[in-house]
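Trainee: 3D model of this:
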Amino acid sequence: MARLGLGPDWTCLLANDIDPKKVATYQANFGKKEIVHGDVYKLRSGDLPGRADLAWASFPCQDLSLAGNRAGLAGERSGAFWGFWQAISSLSAENRAPRLLVLENVTGALSSHGGQDFRELAQAVFSLGYDFGALVIDAVHFLPQSRPRLFVVCQKRGEQYRPELVADAPIRPWHNEAVYQAYSSLPSHLGAVWRWWRLPIPKPRQLNLADMLERDDDVSTWHSDAETSRLLSMMSPTNLEKVKVAQASGERTVGTIYKRTRNEERLGRVQRAEVRFDGIAGCLRTPGGGSSRQIILVVDKKKIRSRLLTVREAANLMGVPKSADYAIPENYNDGYHIFGDGLAVPAVSFLREHLLDRLTGPALDRPTVMTIAAE
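Mentor: The predicted structure follows:
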């Protein structure tokens, strides 16, 4: 999805992932030529061709996420960042370091272990000779999905850039309080090379949740009435009231549900079905690690129906092309895992158009990229 967002003007030199299902999906859409299936720690400088303009790392978030085990960059999965760092370090030793790095992860990476993980990440890119700045881009600006993600954009120290690309102070919505706090906690030598990257305010989003869904008649996986009733019984009074308001409107209303475990004063830990009818889907997740799958709830007067979000709908919510020549996994769990763990394509395109393209400059007609991501 990073490659889709970067678009056809960027030529991929190398892509890497350890997950065979992700590799298979990549190969089905882009071919087998540049994809390396394996552990990022096993990449050697000889595996990395030429000198790329950009190296992109979407390293696992499980150890940094608020919903994860918070092991941080020392964790088994999020620690894959150090394999990426090792690969870039080897290129630096050969004077082949990319002009730009982009590190993408969940926003929890800013505050993990009291900000220590972010400080270690910042020190790591500094040691490789990069200046850097962080932005939080929420897919909701472009798609009806709440999906804030952290993007740390790093430029090789000494490279020229257009002054208008850097602001003197934080800019909303790209630099929220978490970004500012992470910046404020940096030691002086890292704060000195920080950049407040400037992005424009996006145009108002035109798409709604209903625009992302397949036609009711085209979906065969509707829940039974009993299963829908069970979901309603799992709702708190506040969420049940939302359903009643939707019924009272007399219009067909589409919402989404996630199951969450809550601590309640009288009942203790209880699983709840939480619904939203604001035209925006909750953040897609992978089905592993105990995360629930997102459920569609359709309220049409007295009739209430529910079902799981389909793989095609998950792809739509990530901005993946809806075309016959773009292959998505047929297996439900595989597809939901890939899209729940992916990048919102329009968010990458926005970053590419307004910052990455302009940082590489007009000198290169076809910028090149190494996409190094490990699961």
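Trainee: restricting to C-alpha, output stretch 345-359 in PDB.
Mentor: C-alpha atoms of stretch 345-359 as PDB (Å, rounded to 0.1, in the frame of the first residue of the first chain):
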ATOM      1  CA  VAL A 345      -3.200   4.800   0.200                       C
ATOM      2  CA  PRO A 346      -4.500   8.400   0.000                       C
ATOM      3  CA  ALA A 347      -2.600   9.400   3.200                       C
ATOM      4  CA  VAL A 348       0.700   8.200   1.500                       C
ATOM      5  CA  SER A 349      -0.200   9.900  -1.700                       C
ATOM      6  CA  PHE A 350      -0.800  13.200   0.200                       C
ATOM      7  CA  LEU A 351       2.500  13.000   1.900                       C
ATOM      8  CA  ARG A 352       4.200  12.100  -1.300                       C
ATOM      9  CA  GLU A 353       2.700  14.900  -3.300                       C
ATOM     10  CA  HIS A 354       3.200  17.700  -0.800                       C
ATOM     11  CA  LEU A 355       6.500  16.700   0.800                       C
ATOM     12  CA  LEU A 356       8.400  13.700  -0.600                       C
ATOM     13  CA  ASP A 357       8.200  14.700  -4.200                       C
ATOM     14  CA  ARG A 358       9.300  18.200  -3.400                       C
ATOM     15  CA  LEU A 359      12.200  17.000  -1.200                       C
END
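Trainee: which residues touch it?
Mentor: Contacts with stretch 345-359, where a contact means Cβ atoms under 8 Å, 6 or more residues apart in numbering, come from 1-2, 4-7, 9-10, 54, 99-100, 102, 135, 137-139, 141-143, 147, 149, 151, 153, 155, 159, 161-162, 165, 197, 199-200, 202, 318-320, 367. In this view, the C-beta of every residue, glycine as well, is placed from N, C-alpha and C.
Trainee: in that stretch, what's buried?
Mentor: For stretch 345-359, the neighbour count (16 or more other Cβ atoms under 10 Å) marks 345, 346, 347, 348, 349, 350, 351, 352, 355, 356, 357, 359 as buried.
Trainee: measure the third one to residue 123 for me?
Mentor: For residue 347, the distance to residue 123 (Cβ to Cβ, to the nearest Å) stands at 27 Å.
Trainee: just the strands in this structure please.
Mentor: Taking DSSP state E to define them, one finds strands in the chain at 11-17, 35-37, 54-58, 100-105, 130-138, 148-156, 166-167, 196-197, 252-264, 268-276, 295-300, 303-308, 368-372.
Trainee: ok so, going back, any of the contacts of stretch 345-359 buried? List them.
Mentor: 1-2, 4-6, 10, 54, 99-100, 102, 135, 137-139, 141-143, 147, 149, 151, 153, 155, 161, 165, 197, 199, 318-320, 367.
Trainee: got the contact list for stretch 308-327?
Mentor: 1, 4-5, 25, 28-29, 139, 142-145, 212-214, 219, 221, 256, 281, 284, 293-296, 328-330, 332, 335-336, 339-340, 342-347.
Trainee: wait, what's in contact with residue 162?
Mentor: residue 358.
Trainee: mean confidence for stretch 275-286?
Mentor: Per-residue pLDDT over stretch 275-286 has a mean of 94.
Trainee: mind checking the end-to-end distance for it?
Mentor: 19 Å (Cα to Cα, to the nearest Å).
Trainee: go through it and flag the buried ones.
Mentor: Neighbour-count burial for stretch 275-286 [16+ other Cβ under 10 Å]: 275, 276, 277, 279, 280, 281, 282, 283, 284, 285, 286.
Trainee: and of these, the nearest to residue 261?
Mentor: Nearest to residue 261 out of the buried residues of stretch 275-286 is residue 285 (Cβ to Cβ; 14.2 Å).
Trainee: and the longest helix for this protein?
Mentor: helix 80-93 (DSSP state H).
Trainee: distance between that helix and the chain's centre?
Mentor: On the basis of Cα atoms, centre = their mean, to the nearest Å, helix 80-93 is displaced by 22 Å from the centre of the chain it belongs to.
Trainee: how near is the residue nearest to residue 254 when sequence neighbours are not counted to residue 283?
Mentor: Distances taken as Cβ to Cβ, 6 or more residues apart in numbering put residue 210 closest to residue 254, at 5.0 Å, once the chain neighbours are dropped. Distance, residue 210 to residue 283, by Cβ to Cβ: 18 Å.
Trainee: for residue 229, same thing?
Mentor: 27 Å.
Trainee: thinking again about what came up before, contacts for the longest helix of the chain, please.
Mentor: 18, 39-41, 43-45, 48, 51, 55, 57, 59-60, 73, 97-98, 101, 103, 121, 124-125, 128-129, 372, 374-375.
Trainee: near residue 95, how many other residues are there?
Mentor: 7 (other Cβ atoms under 10 Å).
Trainee: low-confidence ranges, the protein, go.
Mentor: 61-78, 288-291, 324, 361-367, 369-375 (pLDDT under 70).
Trainee: quick one on the thing from earlier: can you lay out the buried residues of stretch 275-286 as a markdown table showing distance to residue 245?
Mentor: Formatted as a markdown table, those follow (distance: Cβ to Cβ, whole Å):
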| residue | distance to residue 245 |
| --- | --- |
| 275 | 11 |
| 276 | 12 |
| 277 | 8 |
| 279 | 14 |
| 280 | 17 |
| 281 | 19 |
| 282 | 19 |
| 283 | 24 |
| 284 | 26 |
| 285 | 27 |
| 286 | 32 |
